[in-house]
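Visitor: with the input below, show me the fold.
(one chain, ligands or ions: 2)
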Amino acid sequence: MHEITRVEGLEILDSRGNPTLQATVTLASGHQGTAAVPSGASTGKREALELRDGDPARFGGKGVRRALAHLEGPIAAALRGRDAADQAGLDLALCDLDGTADKSRLGANALLAASLACAHAAAAGRGLPLYRHLAVDGLEPLLPVPLMNVINGGAHANNSLDIQECMIVPHGFERFGEALQAGVEVFHALRSLLQRYGLPTAVGDEGGFAPNVAGTRQALDLILEAIRAAGYQPGEQVALALDCAASEFHRDDRYVLAGEARAFTRAEFSDYLASLVNDYPIVSIEDGMAEDDRAGWGQLTDRLGRRIQLVGDDLFVTDVHLLAEGVEHGLGNAILIKPNQIGTLGETLAAMAYARRAGYAAIASHRSGETGDTTIADLAVATACGQIKTGSASRSDRVAKYNRLLAIERELGSAARFAGTAALGRH
Ligand SMILES: C=C(OP(=O)(O)O)C(=O)O
Ligand SMILES: [Mg+2]
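Guide: Numbers count the residues shown, from 1 in each chain. Ligands and ions are numbered 1, 2, ... in the order given. Okay, here's the model as predicted:
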């Protein structure tokens with residue numbers, strides 16, 4: 001029994017300068033665990049609620065004092081005396097305590113901070129690294145392929161690109177460290193290219209560049225050129241991935257892309273994405289259709305689901321019930337995993353387990369507003385999900401996750417396995 005004796009909260013800042021929550025859980029043994037919660041910008045409308053104070057006089061309404069009070073009040077009271085190693089039981093108790101479907105009473109930010117900090121405390125109490133503590137029965141630790149967002153658009157940058165994320169996927173390598181190095185070299189090569197073409201090298205929220213490009217194809221052409229300039233083979237070693245975040249530009253049943261000066265029907269937008277897949281080594285498209293456009297998701301999955309990975313982010317919001325519905329109706333073939341979309345670690349693990357059983361891929365993911373917290377790195381390794389999406393190499397909040405994975409790879413030594421190309425080969 002790893003008895004919880006104290007739960008403390010702290011209001012800290014995220015990478016966008018907005019307040020967020022950190023929790024520290026102390027056990028009777030004296031061991032402690034600390035975790036911080038991130039925050040999204042292009043949030044799915046079915047996400048659990050991130051409780052904000054709404055007082056415009058403080059952080060423009062984004063304060064988290066109420067959530068902090070919930071964390072240190074009712075949540076702390078409910079956790080004291082419980083076993084930190086009983087993650088499922090703790091998280092069930094937290095859900096019951098909140099009592100709402102969307103965690104709007106206590107706030108998903110308050111609940112997740114506590115939930116994650118319990119896991120860290122239990123790991124410390126057991127004398128295990130977090131990825132060992134969270135290890136899923138029968139699965140060996142696996143270092144994930146990084147999906148690195150090198151050109152930012154959409155809600156994450158104020159440039160002309162409608163597609164939110166253009167990512168590189170360094171998969172054709174033996175070790176995580178080699179893949180990361182390749183990704184970073186491509187990122188540096190891209191910076192040089194942008195400079196040469198007189199385009200700005202300022203970065204967006206996730207650390208990727210945010211140039212004013214003339215549409216998606218120019219962004220992808222630049223990335224391909226950067227992959228070659230860095231000495232890697234596009235597709236074979238470093239592939240491409242997109243997060244369209246299509247809910248953001250879905251209006252009146254049309255996909256309105258300012259950069260293409262066009263409003264697409266769902267069929268036309270499927271054609272457009274298929275043409276990109278034909279012309280570029282794209283292995284994964286996230287939120288290629290809007291969260292409410294189930295017909296669009298069905299069409300896109302029929303069209304591309306056997307060729308590439310189609311990831312539901314806003315569509316599934318890390319919710320096992322929405323995922324189950326999606327599996328039943330054949331929507332997509334992968335789920336993005338963001339613990340703060342659902343609000344507890346236990347429910348996050350349940351969604352990942354369901355995906356595994358259903359043959360859906362799972363990608364552990366950061367949010368666009370991040371902290372130095374590295375829990376998702378351990379989560380990816382423990383669940384052997386094979387992929388992690390955590391931005392570019394130019395911001396310390398993103399680099400922290402990559403550095404954690406480097407440390408895990410070293411710690412595992414000769415037992416370290418890298419997911420590599422096999423992680424993408426399910427379709
Ligand atoms: C990471 C993402 O952005 P946000 O955190 O803004 O939802 C995403 O959409 O996948
Ligand atoms: Mg997304």
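Visitor: for the closest residue to residue 282 other than its chain neighbours, give me its contacts.
Guide: In space, and not counting its chain neighbours, residue 282 is closest to residue 240: 4.8 Å by CB to CB, 6 or more residues apart in numbering. Bear in mind the C-beta positions are built from the backbone N, C-alpha and C, glycine included. Contacts for residue 240 (CB atoms under 8 Å, 6 or more residues apart in numbering) come out as 166, 167, 168, 169, 220, 223, 224, 234, 280, 281, 282, 283.
Visitor: now, those residues that are in strands?
Guide: Mapping the contacts of residue 240 onto strands (DSSP state E) picks out 166, 167, 168, 169, 282, 283.
Visitor: so what's the backbone phi/psi at residue 131?
Guide: Recorded main-chain torsions at residue 131 are phi -70, psi -20, according to degrees, to the nearest 10.
Visitor: pretty sure residue 34 is in a helix, no?
Guide: No - under DSSP: H, G, I helix; E, B strand; the rest coil, residue 34 falls outside any helix and is assigned strand.
Visitor: just checking, it touches residue 26?
Guide: No - at 9.9 Å, residue 34 does not count as touching residue 26 under the criterion of CB atoms under 8 Å.
Visitor: name the nearest of the ones in strands among the contacts of residue 240 relative to ligand 2.
Guide: Set against ligand 2, the nearest of those by CB to the ion is residue 167 (10.5 Å).
Visitor: the nearest residue to that closest one once chain neighbours are set aside: neighbour count?
Guide: Nearest residue to residue 167, sequence neighbours excluded (CB to CB, 6+ apart): residue 241, at 4.2 Å. Neighbour count for residue 241, taken as other CB atoms under 10 Å: 26.
Visitor: residues touching residue 241, list them.
Guide: By CB under 8 Å, 6+ apart, the neighbours of residue 241 are 147, 165, 167, 168, 169, 282, 283, 284, 285, 286, 309.
Visitor: show me the contact partners of stretch 247-262.
Guide: Contacts of stretch 247-262 (CB under 8 Å, 6+ apart): 42, 44-45, 154-155, 160-162, 164, 213-216, 246, 263-266, 268-269, 272, 287, 289-293, 314.
Visitor: what do you get for stretch 151-164?
Guide: Contacts for stretch 151-164 (CB under 8 Å, 6+ apart): 41-42, 165-166, 190, 203-216, 219, 222-223, 242-245, 248-249, 257-260, 368.
Visitor: returning to what we had before: looking at this, the residue nearest to residue 167 is in a helix?
Guide: No - judged by three-state DSSP, residue 241 forms no part of a helix; its state is strand.
Visitor: buried ones in whatever helix or strand residue 404 lives in?
Guide: Per DSSP states H and E, residue 404 falls inside helix 396-412. Neighbour counts using 16 or more other CB atoms under 10 Å place 397, 398, 399, 400, 401, 402, 404, 405, 406, 408, 409, 412 of helix 396-412 among the buried residues.
Visitor: need the pLDDT of the residue nearest to residue 282.
Guide: Residue 240 is assigned 98 on the pLDDT scale.
Visitor: check the gap between it and residue 163 for me.
Guide: According to CB to CB, to the nearest Å, residue 240 and residue 163 sit 11 Å apart.
Visitor: show me how far stretch 355-363 is from its chain's centre.
Guide: 15 Å (CA atoms, centre = their mean, to the nearest Å).
Visitor: buried sites along it?
Guide: Neighbour-count burial for stretch 355-363 [16+ other CB under 10 Å]: 355, 356, 360, 361, 362, 363.
Visitor: what does stretch 418-427 give?
Guide: 418, 419, 420, 421, 423, 424, 427.
Visitor: on that earlier part again, touching the helix holding residue 404 from outside, list them.
Guide: Against helix 396-412 from outside (CB under 8 Å, 6+ apart): 14-15, 129, 131, 141, 143-144, 146, 175-177, 180, 206-207, 366, 370-374, 376-378, 380-381, 388, 390-393, 416, 418.
Visitor: restricted to helices, list these.
Guide: Using DSSP state H, the members of the contacts of helix 396-412 that fall in helices are 131, 176, 177, 180, 376, 377, 378, 380, 381.
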